[in-house]
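**Q** A structural model of the following input is requested.
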Amino acid sequence: MPQKSKGADGYKTFTDSLAAGRIGRFYIFHGEERYLLQRSLGELRKRLCPDGLDSFNYKRYEDKGFSAAGLEDAIETMPAFADRTLIEIHDFDVFKNSEKQRFLDAFKSLPDYVCLVLVFSVIPYVPDGRVKINAEILKCAEVIEFALQDQDKLAKWIMRHFADAGKRISAADAEYLAFITGGSMTSLFGEIGKVSAYAKTETVSREDIDAVVTPVLDTVAYKLTDALARRDHRGAMKLLDELLRMREAPHKLIFSISLKMRQLLSARACIESDMGKQALMDMCGIRHEFQARTLMDTARRMTLAGCRSAVLLCAETAFELNSAPEPESRLTELIVRLAFDRNGTGR
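**A** Coordinates of the predicted model:
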């Protein structure tokens, strides 16, 4: 029976097996970290199709028009001048397909010369394991989740890629870069190239990063709440303008701002209870220690009542946005109210 893998441990198990030359017959690839997913596909292709992707032994299918008969035909085709045939099926939700039973029969009888990979890249991977036939399909496969990497691994990866570009970066600035880009290797790979090309010195500075890297929505929202806590009202309005220029829907902006305010309330509650940043990370599902430190530092400049008031103001604005004729103006009004609310961040 294939080994079931999950998260970082599953990815390591897979890469260790691949390095040892042990390649299974049936994999399901999914997860947020597309960089690792694509790299793993590349390794499988390199090992199983050394003559290239136009060879007789590589077959790729997309969701549109794919059928159980197509899979059966691909399986029955023997490899030519090679030991294995690599079959990739991209963004095909077999768990919702009307031919599930026929697919299951094919999965159960895969020959040793086949390596089949179901890739969930665009469509979500949400199999209902309570459905018997779905559970049977999952039993046939080695499921590999390509999850976003933890802080330490990501920082080391960033430092290594800067070194490949002839640059150095401190662990703290590598962590900062991961934070403002959302921590995805896919995004980071391109940003590392931009920063390396821009930096004039061998050591990359935070100023180099801020000059060329566009932060993700959540990062700008963090900076906005921090500016409010520091009573930097001009800076807060500038950051709101930056959020609006991102052309995101107002409802998405208020969600992000509200989330940060709820996290600040949690951080303040941790401070009041003499709990540290690890408790905050566990409570809010925060991945980066840098992010937790920033929240704790900001929360120390606020009161518990102020944090509660800010959360309530955000909730009120979120409700009013449903009928507001000019939602951008309503967001501006929220920032002004947060800045000057007697019980809130402006206190």
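**Q** and the strands in this protein, which stretches?
**A** Secondary structure of the chain (DSSP state E): strands at 26-30, 58-62, 85-90, 114-119, 142-145.
**Q** isn't Glu136 up against Phe103?
**A** No: counting by C-beta atoms under 8 Å, Glu136 stays clear of Phe103, with 10.3 Å between them. From N, CA and C alone the C-beta is placed, and that goes for glycine too.
**Q** what about the two, which has more around it?
**A** Set Glu136 next to Phe103 and count neighbours by other C-beta atoms under 10 Å: Phe103 wins out with 22 against 14.
**Q** got the domain boundaries for the protein?
**A** Using automatic domain parsing, the domain ranges for the chain come out as 7-145, 151-212, 217-340.
**Q** export those to a markdown table and tack on mean pLDDT?
**A** Below are these laid out as a markdown table (pLDDT from 0 to 100):
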| stretch | mean pLDDT |
| --- | --- |
| domain 7-145 | 91 |
| domain 151-212 | 94 |
| domain 217-340 | 89 |
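**Q** what's around Asn322, how many residues?
**A** By other C-beta under 10 Å, the residues close to Asn322 number 8.
**Q** distance check, it against Asp173.
**A** 41 Å (C-beta to C-beta, to the nearest Å).
**Q** now Phe179
**A** With C-beta to C-beta as the criterion, Phe179 and Asp173 are 10 Å apart.
**Q** distance check, the spatially closest residue to Gly182 that is not a sequence neighbour against Asp91.
**A** Nearest residue to Gly182, sequence neighbours excluded (C-beta to C-beta, 6 or more residues apart in numbering): Val216, at 4.3 Å. Here the criterion is C-beta to C-beta. By it, Val216 lies 24 Å from Asp91.
**Q** next one: Ala20
**A** Distance from Ala20 to Asp91, by C-beta to C-beta: 30 Å.
**Q** and these two? which has more neighbours close in?
**A** Between Ala20 and Asp91, counted using other C-beta under 10 Å, the more crowded position is Asp91 (17 against 8).
**Q** phi and psi next, for the more buried one.
**A** Phi and psi for Asp91, reported as degrees, to the nearest 10, are phi 50, psi 50.
**Q** check contacts around it.
**A** Asp91 makes contact with 62-63, 119-123, according to C-beta atoms under 8 Å, 6 or more residues apart in numbering.
**Q** 10 Å - rerun?
**A** Listed by C-beta atoms under 10 Å, 6 or more residues apart in numbering, the contact partners of Asp91 are 61-64, 66, 118-125.
**Q** just Gly31 next, same as before
**A** Here Gly31 is in contact with 6-7, 10-11, 37, 120-121, 125, 143-148 (C-beta under 10 Å, 6+ apart).
**Q** sort out which residues of the lengthiest helix in the chain are buried, please.
**A** The longest helix of the chain (DSSP state H) is helix 250-272. The neighbour-count check on helix 250-272 (16 or more other C-beta atoms under 10 Å) flags 250, 253-271 as buried.
**Q** repeat that for stretch 30-49.
**A** Quick answer for stretch 30-49 (16+ other C-beta under 10 Å): 30-33, 35-38, 40-41, 44-45, 48-49.
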